[in-house]
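Participant: next comes the sequence, and after it the predicted model I'd like to discuss.
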Amino acid sequence: QKMAELLGLGDECGEGTSGAPALAGSCLADNRLNLDVYPDGCRRFLQLFEGRRGEVVQVEFLRLSSNDRLLGTTLGILPQLKHLKSLVLKGGHARDEFGSCQHGSLTSLPPDVGHLRCLTHLDLSFNSLSTLPSCILQLPSLRALLVSHNSLVALPEDFGSLSKLTFFSAMKNQLKDLPQSIGELAVLQDLDLSENALEFLPEEVGNLHSCTDLDLSGNRLLRIPDSLANLKSLRQLHLHSNLLVTVPASLASLPNLSRLDLQNNCLRAVPPEIQTSPFVRLRGNPLGEAEPSPQADESTARGLQRLFLASGEDSFTVTSEGCKVVLACGIHFYFPPGAASDPLQIYFRTLAPDPQWVKLRHHDVLLSRVLELQPHGVKFQQEVQIWMPYASPQTLHQREVVVRTFGGQSWSDLRTKVEQKRKSKKHVAHCSVLHFSWFLVVSRLVQNECKVPTEGTLIFSSVDPNIKVTFPPGVTEEMRSVRLQVLPVSAEEIEEITADAGCRASPLLFLCQDSLVDFLRPVRIQLPLPPGVTGLNLDRSRLHLLHGDLEGQTWDDITSQVVLEFTHLYAVFEVTHFSWYWLWYTTKTYIGGLAKKVYERLRMYQVNFIALQRKKDPEQVLLQCVPKHKVDPVLKKLQDRYRGPEPSDMVEMFEGEQFFAAFERGISIDMDRPDCVDGRLSFIFYSHLKNMKEIYVTSPVDRKGQAVKGQVSFYRGAVPESIPKDASRRRKGPDSLWLATLPIKLPRLKPRWGENPGPLNGSSFPPLNLGNAETGYLTQANLLSIARRVGADWQTIGLNLGLTYQQIERIGYNNREDLDKQILEMLFSWAQQNLEDPDCVSKLITAMKESGRQDIADEVETIIELGRQKYRDSIRRVGLEQESSTEDSAIAM
């Protein structure tokens with residue numbers, strides 16, 4: 001409540017209307033101020049400093065976003081926070097139109113920051129630093145420094161003056177060399193210089209005798225100094241994805257080394273001492289002749305370096321010798337010799353498609369996630385081949401699969417070959433490119449193309465050869481390109497949509513060209529008559545030729561504007577410009593509106609929503625939007641592990657349409673999830689991708705006495721730009737946004753871990769007190785707060801806490817769709833195993849330090865110190881001495 005008053009936010013940082021305590025990261029709890037989750041965090045900080053300066057200058061832990069436009073003004077105040085121990089000024093909180101993290105605007109720090117004598121942890125990641133601010137070297141207590149994801153090209157010559165530094169991360173910069181003074185960092189334990197441009201290391205690196213973890217992966221190292229054999233404390237040495245030709249045999253004699261990663265280098269010979277060591281990883285080196293690629297010429301593919309990248313890696317190096325690369329997600333690359341003249345670091349990642357920039361055309365179906373390859377725009381000397389796996393469109397007939405790429409302004413389709421892997425039977429789309437950008441796989445209507453010369457030509461549809469277009473001589477003065485696509489429409493579809501057995505329609509024809517000028521002479525088009533209609537039984541009054549615009553918004557009857565000729569099977573007419581053409585046979589009068597309705601429905605998918613709960617853990621809820629024909633197979637696959645209500649009634653959705661899931665009537669979720677918008681989970685519907693999320697729900701209601709009968713409702717989101725106007729108008733208003741509602745029941749809770757019945761404060765994890773009264777407790781709320789600071793490094797933290805590899809793998813597998821749940825289960829599993837250990841808190845602090853998370857270690861130490869102070873105060877209040885038994889006093893943090 002003190003925090004709420006200080007920020008002037010009312011209940012926003014206190015207890016919500018549901019009664020569950022808010023865990024907002026912006027709360028100023030005693031000495032911590034986290035404002036990086038707010039877009040206007042710097043403004044809030046300035047208001048706090050102006051109104052409550054006395055409290056703010058006592059802050060010890062401060063987090064701000066460097067994407068904030070008021071950052072410059074805020075920096076001038078920081079030197080006044082003399083008690084500051086941890087300062088985080090990270091970028092990456094905002095994203096660009098392609099979903100990439102935007103670096104912060106920070107390029108320097110005020111000189112007076114060097115006067116922060118208590119500062120032990122400084123994080124400046126995801127910024128625009130080209131040089132390290134000189135004031136950093138004046139921080140006498142600095143122990144952890146993070147400057148990853150910047151643009152540093154060098155470190156200061158006197159960098160070794162940071163005598164207390166134990167953790168330093170400068171990954172993903174542009175460092176080309178290191179100062180000799182780096183060897184003076186006598187207590188440095190963790191050094192991460194991965195994904196830079198280092199070509200050599202100074203011999204002084206061998207003086208880092210306290211170093212336990214050294215990461216030099218993703219650089220351009222040709223060799224490493226023999227002095228690395230002096231690092232007797234070293235436990236992990238990461239050298240993968242460099243250009244190493246050889247390594248010193250003395251590395252095998254390091255007494256504490258448990259992992260030596262040499263994968264994806266140019267090693268052709270490795271000392272036997274290293275090659276036979278169980279902790280060495282050598283995959284991806286040309287130690288023997290590589291198997292030739294069946295897709296590439298055997299004479300060039302033989303002997304190429306083969307790189308197999310693990311799931312956690314996001315880059316590799318290509319040399320002039322070429323290589324073959326296989327990503328963990330199944331994507332393959334072939335770089336022929338000479339494709340890159342100099343060593344080139346390639347970065348990759350797969351992204352969830354965002355309709356705001358992944359623009360699908362009418363009747364397109366998305367079959368893959370988005371693959372981004374960097375650097376963008378670099379031209380290769382030879383074409384690079386890419387194989388992308390995709391979801392096989394088994395229900396989509398008379399279509400074709402293509403790879404689509406973004407060229408900076410718009411998306412274009414590449415010449416694509418579809419292949420099927422012999423062993424796995426999976427389908428892959430194969431294309432060749434000279435530039436890297438964004439790539440995805442789509443299924444589109446089959447496209448026939450031709451060049452139209454002045455002499456004229458003829459083009460047929462490969463989907464329906466009865467459809468042809470004839471270009472007479474003199475139709476154009478200059479060569480122009482023409483594309484033809486056909487959408488077959490069955491009589492059954494027409495009858496189902498119109499509820500009229502007498503309606504018939506020909507295939508829908510789409511024509512376009514690369515010129516804005518109309519043809520000089522009429523172009524002759526032949527369409528088959530609608531099913532069941534021939535020249536013998538044709539009633540011309542019922543036949544209508546419709547012309548549609550490029551968006552399918554309007555359909556005009558142009559029957560009276562053209563000369564229609566008929567044969568026994570075909571209708572023939574002439575036009576001078578291209579668009580959609582559709583031949584209808586019906587007694588209806590307003591044929592344009594009817595065609596518009598049918599066209600809209602042809603683009604929609606019939607879907608059902610499912611909401612299932614795990615049998616062993618009902619608080620884990622699976623939500624999924626499933627096309628109607630897939631519902632039964634999906635439920636059959638899930639029935640052993642999940643239970644729940646019948647699927648929702650059928651609704652209709654467009655490809656790429658947004659929808660939301662809202663938990664209601666006493667059920668809530670973590671509002672800090674990145675996919676949570678105004679308390680609702682955001683989804684994007686793609687018919688051939690998994691529209692599924694598995695999340696943990698809680699309830700503010702006391703479930704010790706009764707079960708909670710809640711529900712989840714699905715609502716439409718923003719209307720996609722490509723939806724017809726009439727459909728858009730029908731989707732306005734709160735009633736039209738609702739799609740479906742399914743029940744969710746949370747059973748009555750039983751006491752856990754020997755606890756007496758009592759409220760769980762909205763959490764699915766049981767209460768706990770780690771430690772003891774004299775040294776201070778860590779409570780459930782403390783552990784949840786710590787979990788929010790942990791990220792993808794949770795596995796390293798878990799191993800350092802003493803969890804086994806098998807436990808880590810099981811936690812990761814059981815919660816593979818939810819990083820937050822992986823972190824929580826790891827921490828609470830460890831807590832359950834260590835409830836009776838009085839030293840468990842100190843072990844947690846040590847594990848955080850060993851994992852490179854000095855910031856979390858400092859936070860835990862501060863929490864424990866507060867607990868000790870409360871314990872001493874309670875002893876004094878009851879008039880007892882410090883040595884009194886703790887059995888007479890209990891403290892709750």
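Facilitator: Great, that's in hand. Note that this is a predicted model, so its numbers are computed, not measured. Residues are numbered from 1 along each chain as shown.
Participant: Asp123: neighbour count?
Facilitator: For Asp123, the count of nearby residues is 20 (other C-beta atoms under 10 Å). Bear in mind the C-beta positions are built from the backbone N, C-alpha and C, glycine included.
Participant: that should have said Gln409, apologies.
Facilitator: Gln409 has 6 neighbouring residues, counting by other C-beta under 10 Å.
Participant: over to it: give its phi and psi.
Facilitator: Here is the backbone geometry of Gln409 (degrees, to the nearest 10): phi -120, psi -40.
Participant: any idea which residue is closest to the centre of the chain?
Facilitator: Relative to the mean C-alpha position of the chain, the nearest C-alpha, by C-alpha atoms, centre = their mean, is the one of Leu351, at 5.1 Å.
Participant: across the sheet, point out what pairs with it.
Facilitator: Val370 (DSSP bridges).
Participant: how much space between it and Ser320?
Facilitator: Per C-beta to C-beta, to the nearest Å, Leu351 is found 30 Å from Ser320.
Participant: likewise Cys503?
Facilitator: 64 Å.
Participant: Pro375 now?
Facilitator: On the measure of C-beta to C-beta, Pro375 and Ser320 end up 17 Å apart.
Participant: who has more neighbours, those two?
Facilitator: Ser320 (14 against 11).
Participant: isn't the more buried one right up against Pro337?
Facilitator: Yes: if you go by C-beta atoms under 8 Å, Ser320 and Pro337 touch, sitting 6.9 Å apart.
Participant: now for stretch 417-428, what's the gap between its first and last residues?
Facilitator: Start to finish, the residues bounding stretch 417-428 are 8 Å apart (C-alpha to C-alpha, to the nearest Å).
Participant: quick check, Met171 in a strand?
Facilitator: No: using DSSP: H, G, I helix; E, B strand; the rest coil, the secondary structure at Met171 is coil, not a strand.
Participant: residue contacts, the residue nearest to Phe49 when sequence neighbours are not counted?
Facilitator: In space, and not counting its chain neighbours, Phe49 is closest to Val56: 5.0 Å by C-beta to C-beta, 6 or more residues apart in numbering. Counting by C-beta atoms under 8 Å, 6 or more residues apart in numbering, Val56 makes contact with Leu33, Phe45, Leu48, Phe49, Leu81.
Participant: check those residues and tell me the two furthest apart.
Facilitator: Leu48 and Leu81 (11.6 Å; C-beta to C-beta).
Participant: where are the low-confidence patches of the stretch 1-150 of the chain?
Facilitator: Along the stretch 1-150 of the chain, the parts satisfying pLDDT under 70 run over 1-30, 95-101.
Participant: hmm, try it at 80
Facilitator: For the stretch 1-150 of the chain, the stretches with pLDDT under 80 are 1-30, 37-39, 92-102.
Participant: for the stretch 51-200 of the chain, just list every one of the strands.
Facilitator: 61-65, 86-90, 121-123, 144-146, 167-169, 190-192 (DSSP state E, counting those that start in this stretch).
Participant: and the second one, which strands flank it?
Facilitator: Right, the one you point to is strand 86-90. strand 61-65 (parallel), strand 121-123 (parallel).
Participant: per-residue pLDDT, Leu638?
Facilitator: At Leu638, the pLDDT value in this model is 88.
Participant: for the residue lying closest to Lys628 once chain neighbours are set aside, give its distance to Ser648.
Facilitator: Nearest non-adjacent residue to Lys628, counting by C-beta to C-beta, 6+ apart: Gln606, 4.3 Å away. Using C-beta to C-beta, Gln606 is found at 12 Å from Ser648.
Participant: and these two? Which one has more around it.
Facilitator: Between Gln606 and Ser648, counted using other C-beta under 10 Å, Ser648 has the larger neighbour count: 21 against 12.
Participant: returning to what we had before: now the residue nearest to Phe49: how far from Leu251?
Facilitator: From Val56 to Leu251 the distance is 50 Å (C-beta to C-beta).
Participant: quick one, domains of the protein?
Facilitator: 78-281, 305-445, 447-589, 603-720+736-746, 769-877 (the TED database).
Participant: ok, which of those domains comes nearest Ser65?
Facilitator: Between the domains of the chain, domain 78-281 lies closest to Ser65; by C-beta to C-beta that is 4.4 Å.
Participant: by neighbour count, which of the contacts of Val56 wins?
Facilitator: Among these, Leu33 has more neighbours than the rest - 27 neighbours, counting by other C-beta under 10 Å.
Participant: just list whatever residues bridge to it.
Facilitator: Leu62.
Participant: was I right about it contacting Leu62?
Facilitator: Yes: the pair Leu33 / Leu62 is scored as a contact, 5.2 Å apart, by C-beta under 8 Å.
Participant: reformat the contacts of Val56 as JSON lines; add distance to Val205.
Facilitator: Converted to JSON lines, those look like this (distance: C-beta to C-beta, whole Å):
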{"residue": "Leu33", "distance to Val205": "38"}
{"residue": "Phe45", "distance to Val205": "39"}
{"residue": "Leu48", "distance to Val205": "44"}
{"residue": "Phe49", "distance to Val205": "42"}
{"residue": "Leu81", "distance to Val205": "35"}
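Participant: among the residues you listed, which one sits closest to His362?
Facilitator: Nearest to His362, judged by C-beta to C-beta, of those is Phe45 at 48.5 Å.
Participant: next, the closest one: secondary structure please.
Facilitator: Once three-state DSSP is applied, Phe45 turns out helix.
Participant: dump the residue contacts of the residue sitting furthest away from the middle of the chain.
Facilitator: Using C-alpha atoms, centre = their mean, the residue of the chain lying farthest from its centre is Leu536. It sits 59.9 Å away. For Leu536, the contact set (C-beta under 8 Å, 6+ apart) comprises His568.
Participant: quick check, pLDDT for it.
Facilitator: For Leu536, pLDDT reads 83.
Participant: residue boundaries of the strands in the stretch 201-350 of the chain?
Facilitator: Ranges of strands within the stretch 201-350 of the chain are 213-215, 236-238, 259-261, 280-281, 305-308, 315-318, 323-326, 332-335, 344-351, based on DSSP E, counting those that start in this stretch.
Participant: the ones you listed: lowest mean pLDDT?
Facilitator: strand 280-281 (a mean of 70).
Participant: can you tell me how far the residue nearest to Phe49 is from Glu455?
Facilitator: From Val56 to Glu455 the distance is 80 Å (C-beta to C-beta).
Participant: and for Glu157?
Facilitator: Counting by C-beta to C-beta, the gap from Glu157 to Glu455 is 73 Å.
Participant: ok, now Val651?
Facilitator: Applying C-beta to C-beta to Val651 and Glu455 gives a distance of 53 Å.
Participant: over to Pro255?
Facilitator: 82 Å.
Participant: got the phi/psi numbers for His435?
Facilitator: phi -130, psi 150.
Participant: what sits against the nearest residue to Asp112 once chain neighbours are set aside?
Facilitator: Closest residue to Asp112 apart from its sequence neighbours, by C-beta to C-beta, 6+ apart: Pro79 at 3.7 Å. Contact analysis of Pro79 by C-beta under 8 Å, 6+ apart lists Pro110, Asp112, Val113, His115, Leu116.
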